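Participant: What follows is a protein structure lacking sequence information:
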């Protein structure tokens, strides 16, 4: 498709690099841009570049933030800083916040362990999570997805936390997991807020 149109072919190749964009829609999106007004395209491009410039990663939990190195959740006085919910991605954080009811803070790992794809402990924000734990920490909640990779990631980190706890009498936090209301093999991003809220409220010991 688009034979003899190298500019459109180049656009399609770039669109094919965008995650979550179905391959069958790539050509439609390319044609949509072709039919879009010049001013609208320039606004879209400048907005993307501006977002890339302005939005940063929270230095504490790795959430998205702007105008500050610390996100609005970590800096809020209304959040329980001694209860940490461990997630894989920003999408999962947004899902839990949308569900409501949770007043603790978060820690985003940036994915899950997957040796076949070259994702090991060093590629995730695991070490920084361990470093966040102190004598004031009350609970670590694992909300990784109920997939083999998510479960393996939670088990790996849990073992590290248990080792840490066993080495110090000052550490007395508990480790929990979302309740079984979360179906096996599912992702938080696509669940309704009632399911997420019940799973978080009925979390179980890990």
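Facilitator: Sure thing, it's come through. Not measured: the values here are computed from a predicted model.
Participant: quick one: the helices in the chain?
Facilitator: Assigned by DSSP state H, the chain shows helices spanning 6-15, 23-35, 38-54, 90-99, 127-132, 148-166, 193-201.
Participant: Show me what the fourth one is packed against.
Facilitator: For helix 90-99, the contact count by 3 or more CB pairs under 8 Å, 6 or more residues apart in numbering; DSSP states H and E identifies strand 80-87, strand 104-108, helix 193-201 as packing neighbours. No exception for glycine: its C-beta is placed from N, CA and C like everyone else's.
Participant: again, only this time at 7 Å
Facilitator: Under the contact definition 3 or more CB pairs under 7 Å, 6 or more residues apart in numbering; DSSP states H and E, helix 90-99 sits against strand 104-108, helix 193-201.
Participant: That helix vs helix 148-166, what angle?
Facilitator: 80 degrees (axes from the mean of the first three to the mean of the last three CA atoms, to 10 degrees).
Participant: Between the helices of the chain, which has the poorest mean confidence score?
Facilitator: The minimum mean pLDDT among the helices of the chain belongs to helix 193-201 (a mean of 70).
Participant: Next, the angle strand 104-108 makes with that one.
Facilitator: 100 degrees.
Participant: chain center to helix 193-201: distance?
Facilitator: Relative to its chain's centre, helix 193-201 lies at 17 Å (CA atoms, centre = their mean, to the nearest Å).
Participant: need the contact list for residue 196.
Facilitator: Going by CB atoms under 7 Å, 6 or more residues apart in numbering, residue 196 touches 95, 96, 99, 188.
Participant: circling back: for the helices and strands packed on helix 90-99, which one ends up most surrounded?
Facilitator: Scoring the helices and strands packed on helix 90-99 by mean neighbour count under mean count of other CB atoms under 10 Å gives strand 104-108 as the most buried, with a mean of 23.
Participant: so what does it touch, helix or strand wise?
Facilitator: Where contact means 3+ CB pairs under 7 Å, 6+ apart, strand 104-108 is packed against strand 80-87, helix 90-99.
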